[in-house]
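Enquirer: Need coordinates for the below:
(one chain, ligands or ions: 4)
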Amino acid sequence: MRLSRYFLPILKENPKEAEIVSHRLMLRAGMIRQQSQGIYSWLPLGKRVLDKVNAIVRQEQDRAGAVELLMPTLQSAELWQESGRYDAYGKEMLRIKDRQDRPMLYGPTNEEMITDIFRSYVKSYKNLPLNLYHIQLKFRDEIRPRFGTMRSREFLMKDAYSFDLTREGALHSYNKMFVAYLRTFARLGVRAIPMRADTGPIGGNHSHEFIILADTGESEVYSHKSFIEFDIPGENTDFDDVAGLQAIFEKWTSAYAATSEMHDEAAFNAIPEGDRLSARGIEVGHIFYFGTKYSEPMGAKVQGPDGKEHLVHMGSYGIGPTRLVPAIIEASHDENGIIWPASVSPFDAMVITMKAGDEACDRVCGQLYDGLTNAGLDVLYDDTDDRAGTKFATADLIGVPVQLIVGPRSAATGEVEVKDRKTGARETMTVEAALNRLT
Ligand code: ATP
Ligand code: MG
Ligand code: MG
Ligand code: MG
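Expert: Ligands and ions are numbered 1, 2, ... in the order given. Now for the predicted structure:
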């Protein structure tokens, strides 16, 4: 992609409305634009990052055996009346009437709709376990939308829903998502700690929020420090291995970690003082086992091996991609801008010419661009004739991990300067060496 033909509306000034660094950087880097309170457009650079986040979320859901579908954003109120949540949900739900005066709503979550899909097709335990997910926009009329897409009104959620014949089966399904989440967040370059979370009126101890520690986080959390060292389950994890997944779950829940709603002062104080962590955090995922809460009122039953009908045991599992993007930035930036983890960077590398139109510069930039592109990398080529200072500032702001800087002098000898965005280290090498390093 040539920068001269791209759409990258960089802001020179710090936007006044942005209170936290990720919001400021997303606006300055031309990633998002607010359309009305808490409702955002994702501009091309932001869209690239969001797509990368979604791709990793999707791969790990698929690996854990979940099956993707797509449900609509608009829902009929009827389903919610069936579950009893239409009245209970309150003002966060955006309620709409269609031209026939039928009550509709913009879905804040999809338990009712997925239960309806399930009960329409699945009649036998032989089709279980089943986990269906989608990545779709949600709307919640948040009382205080703020921090850009960190807490917006319209936002993207990956929500998965599991169905099992028994509670034991459902807990294994829960463990699959638990492990998938550990892998997902690690691949996104962040450390999210699973913390015991409130299950609300349903009770039970099976709910975890995945929290990224950050001073700007809205959740108050308490945890043992040891989480920093736990191993992330590998790519070859066998998701059908019940005991194996349970062991991972137990390891990751062996140390104290709870949100303020679930905080147990006495248990926390039993931890040696130096190992206690009382901090703020960002909720990026939430998993939940809730048994027959929806299958019962909505009549989602299957025939069991005993020939009798059984209500299915369900769980739901959310991740917020549009919140993750700013959460990643909160965890990875410096005074010059964003520092993307390679896995979600909008581009893999940036080629920067210091003199557009110079024969040697154009040639070397072309070699780098073609070489990297042919190797399957996404490359942004700053071919503009902006001042050097502007170019460097833009490159650092948008945070692509590697910058390949081509000036007339080095280009004449077929060389390029390779700059690592994170460390700032620069190294001059031949075009060939640079291509070898990156591909
Ligand atoms: P919060 O406590 O931040 O309001 P929640 O507990 O209401 O979030 P869930 O219903 O658990 O959210 O939804 C699953 C995930 O969706 C959350 O973990 C979060 O990543 C994301 N999410 C929820 N609300 C928002 C929002 N307003 N903006 C962006 N992402 C959100
Ligand atoms: Mg909420
Ligand atoms: Mg919450
Ligand atoms: Mg939650």
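Enquirer: Residues touching stretch 372-385, excluding its own?
Expert: Identification of contacts with stretch 372-385 by CB atoms under 8 Å, 6 or more residues apart in numbering yields 1-4, 6, 48, 346-353, 356-357, 365, 368-369, 391, 394-395, 398, 400, 435, 438-439. Where C-beta positions appear, they are placed from N, C-alpha and C, glycine not excepted.
Enquirer: Could you list which of the residues you listed belong to strands?
Expert: A349, M350, V351, I352, T353 (DSSP state E).
Enquirer: The fourth one reaches G407, doesn't it?
Expert: No: in terms of CB atoms under 8 Å, I352 does not count as a neighbour of G407; the distance is 9.2 Å.
Enquirer: ok, the two, which is more surrounded?
Expert: I352 (27 against 19; other CB atoms under 10 Å).
Enquirer: interface residues of the stretch 201-350 of the chain facing ligand 1?
Expert: For the stretch 201-350 of the chain, the contact set with ligand 1 under CB under 6 Å from any ligand atom comprises E283, V284, G285, H286, G318, G320, T322, R323.
Enquirer: I figured A279 hits V221, correct?
Expert: Yes: look at A279 against V221 with CB under 8 Å: they come within range, at 5.9 Å.
Enquirer: next one: the helix or strand harbouring S22 to chain centre, how far?
Expert: S22 belongs to helix 21-28 when elements are defined using DSSP states H and E. Averaging C-alpha positions (CA atoms, centre = their mean, to the nearest Å) puts helix 21-28 17 Å from its chain's average.
Enquirer: Check which helices and strands that helix sits against.
Expert: Of the remaining helices and strands, those touching helix 21-28 by 3 or more CB pairs under 8 Å, 6 or more residues apart in numbering; DSSP states H and E are helix 321-331, strand 333-334, strand 337-338.
Enquirer: check contacts around V312.
Expert: Counting by CB under 8 Å, 6+ apart, V312 has contacts F118, L128, F163, D164, L165, T292, S295, A300, K301, V302.
Enquirer: Distance of it relative to K123?
Expert: 11 Å (CB to CB, to the nearest Å).
Enquirer: if you average pLDDT over the helix or strand hosting L50, what comes out?
Expert: Assigned by DSSP H and E, L50 belongs to helix 44-63. In this model, helix 44-63 has a mean pLDDT of 98.
Enquirer: quick check, it touching ligand 1?
Expert: No: Helix 44-63 lies apart from ligand 1 when judged by CB under 6 Å from any ligand atom; the minimum separation is 11.0 Å.
Enquirer: Flag every buried residue along that helix.
Expert: 45-46, 48-50, 52-54, 56-58, 60-61, 63 (16 or more other CB atoms under 10 Å).
Enquirer: tell me which of the residues you listed is nearest to I32?
Expert: G46 (5.0 Å; CB to CB).
Enquirer: Run through the residues that contact the residue nearest in space to the middle of the chain.
Expert: The centre of the chain sits closest to P321, judged by CA atoms, centre = their mean, with a distance of 3.3 Å. Going by CB under 8 Å, 6+ apart, P321 touches L50, V53, N54, V57, I135, L156, M157, K158.
Enquirer: Mind doing that once more with 10 Å?
Expert: By CB atoms under 10 Å, 6 or more residues apart in numbering, the contact set of P321 is 49-54, 56-57, 135, 149, 155-158, 188, 284.
Enquirer: Pick out whichever of those sits closest to ligand 1.
Expert: Set against ligand 1, the nearest of those by CB to the nearest ligand atom is F155 (3.5 Å).
Enquirer: Could you measure from the closest one over to I32?
Expert: In this view, F155 and I32 are 12 Å apart by CB to CB.
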